[in-house]
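# The following block contains a protein sequence and its predicted model.
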Amino acid sequence: MKVLVTGGAGYIGGVVVSQLVAAGHDVVVYDNLCHGHADAVPAAARLVVGDVGDRHALDKVFGEFHPEAVMHFAAFIEAGESMREPEKFFRNNTAHALTLLEAMLAHGARRFVFSSTAALYGDPERTPIEEDDKLAPTNAYGESKLLVERMLAWFHGIHGFSTACLRYFNAAGATETLGERHDPESHLIPLVLQVASGRRAHISIFGDDYPTPDGSCVRDYVHVSDLASAHLLALDALAKSSEPLKLVFNLGNGRGFSVKEVVECARRVTGHAIPAKIEARRAGDPAVLVASAEKIRRELGWQPRYETLDGIVRSAWEFAQKHR
């Protein structure tokens, strides 16, 4: 297929683009490079530098490329920042997604794979979380993504869009050539590894009084290449269906690890002491987010290759060592 990938020069988008190209798809990456990297785009894919909020630029890309499907990764992702500047997230994540959907509608593209988030669930009533559990975000980032999922439901029902919303838990790890290069970095595993490599004096643990076994937040970590393979399975399902589909899947490993456990794992993998400092809680951080991904395993046959935290952290450490 011809696939347009917004945010395809970023961390997750870049790995997805690599897998799309390897699978034989014709790919155009559309990215403003505010957080992405041009060198993350494989030579076999075309890079167009542009903003998802720019309807004129989108019309030009759709008119030239005629994509049969869109994968949408372009979004701001920092939950803490969203609690200081919610307007930034609703403009970029929600309003710009609507601009993209309007462009798709105008140009006849009807397949949409959406990079969603476990932040939709807020403080869950049970774990592991299933797809039909209550959606009640505790931060503006999660709300900005939930609004897009709600728009997609209406576009599915009224315009016949085929949609797949993939609700990630914590993306982590690296391939041989692609890993996390956020600036500034805010994700736990690469921050811990920066301490191990001497680029940071200590790792901050935000809160040790949560209702969890060791008091720190618990999260479900899924390897970025496993996330990418789920996107290709979802795209294939949309393409094969003769009727418009509305798919929603959690993506996680089904097991939670606390912040303190991640730090201890990184100490074990890297052989470094990694000093840790307890800080105040951050606004909007749920205590526990752990997924049930049984639905996508059952319906699409998704099978993660990285099912241990050590394996995920080791892949990130190897990437960090190669790309200092």
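Sure, I can see it.
# May I have the strands that pair with the helix-or-strand element of the chain with minimal mean pLDDT, each with its orientation?
Here the helix or strand of the chain ranked lowest by mean pLDDT, DSSP states H and E is strand 288-289, holding a mean of 89. According to DSSP bridges, strand 288-289 forms sheet pairs with strand 218-223 (parallel).
# Give the buried residues for the helix or strand encompassing M151.
Using DSSP states H and E, the element containing M151 is helix 140-159. Neighbour-count burial for helix 140-159, counted by 16 or more other CB atoms under 10 Å, picks out 140-149, 151-152, 155-156. Every residue, glycine included, has its C-beta placed from N, CA and C.
# With stretch 284-301 instead?
Under 16+ other CB under 10 Å, the buried positions of stretch 284-301 are 284-293, 295-296, 300.
# can I get the residues you listed in a markdown table with distance to H182?
Output for the buried residues of stretch 284-301, formatted as a markdown table (distance: CB to CB, whole Å):
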| residue | distance to H182 |
| --- | --- |
| G284 | 19 |
| D285 | 18 |
| P286 | 21 |
| A287 | 24 |
| V288 | 24 |
| L289 | 20 |
| V290 | 24 |
| A291 | 22 |
| S292 | 28 |
| A293 | 25 |
| K295 | 29 |
| I296 | 26 |
| L300 | 29 |
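# Tell me the one among those nearest to F206.
Distance to F206, by CB to CB, is smallest for D285 among those, at 6.7 Å.
# Ramachandran angles for V5?
The phi/psi pair for V5 (degrees, to the nearest 10) reads phi -120, psi 110.
# How about it, nearest residue that isn't a chain neighbour?
M71 (4.7 Å; CB to CB, 6 or more residues apart in numbering).
# In what element of secondary structure is the one you found found?
Under the criterion of DSSP H and E, M71 resides in strand 69-72.
# what's the answer for G14, then?
Element membership of G14 [criterion: DSSP H and E] is helix 11-22.
# Give me the residues contacting the helix or strand just after the strand holding M71.
Downstream of strand 69-72, the next assigned helix or strand under DSSP H and E is helix 79-82. For helix 79-82, contacts defined as CB atoms under 8 Å, 6 or more residues apart in numbering pick out 76, 88-89, 119, 139-142, 144, 186, 282-285.
# mind checking how far the residue nearest to F161 when sequence neighbours are not counted is from G53?
Of all residues not flanking F161 in the chain, F155 sits nearest, at 4.3 Å (CB to CB, 6+ apart). Applying CB to CB, to the nearest Å, the value for F155 to G53 is 18 Å.
# Can you give me every residue that contacts the most far-flung residue of the chain relative to its centre?
Computed with CA atoms, centre = their mean, the residue of the chain farthest from its C-alpha average is A273, at 29.5 Å. Shown in contact with A273 (CB under 8 Å, 6+ apart): R267.
# What of P128?
If you count contacts by CB under 8 Å, 6+ apart, P128 has them with 220, 252, 254, 290-292.
# on that earlier part again, with respect to G14, which of the contacts of helix 79-82 is nearest?
F76 (17.0 Å).
# burial of the closest one, as a residue count?
F76 is flanked by 18 other residues according to other CB atoms under 10 Å.
# residue ranges for the helices of the stretch 151-300 of the chain, please.
All helices of the stretch 151-300 of the chain, identified by DSSP state H, counting those that start in this stretch, fall at 188-196, 224-240, 259-270, 294-300.
# Highest mean neighbour count out of the ones you listed?
Here the criterion is mean neighbour count by mean count of other CB atoms under 10 Å, and of the helices of the stretch 151-300 of the chain the winner is helix 188-196, at a mean of 22.
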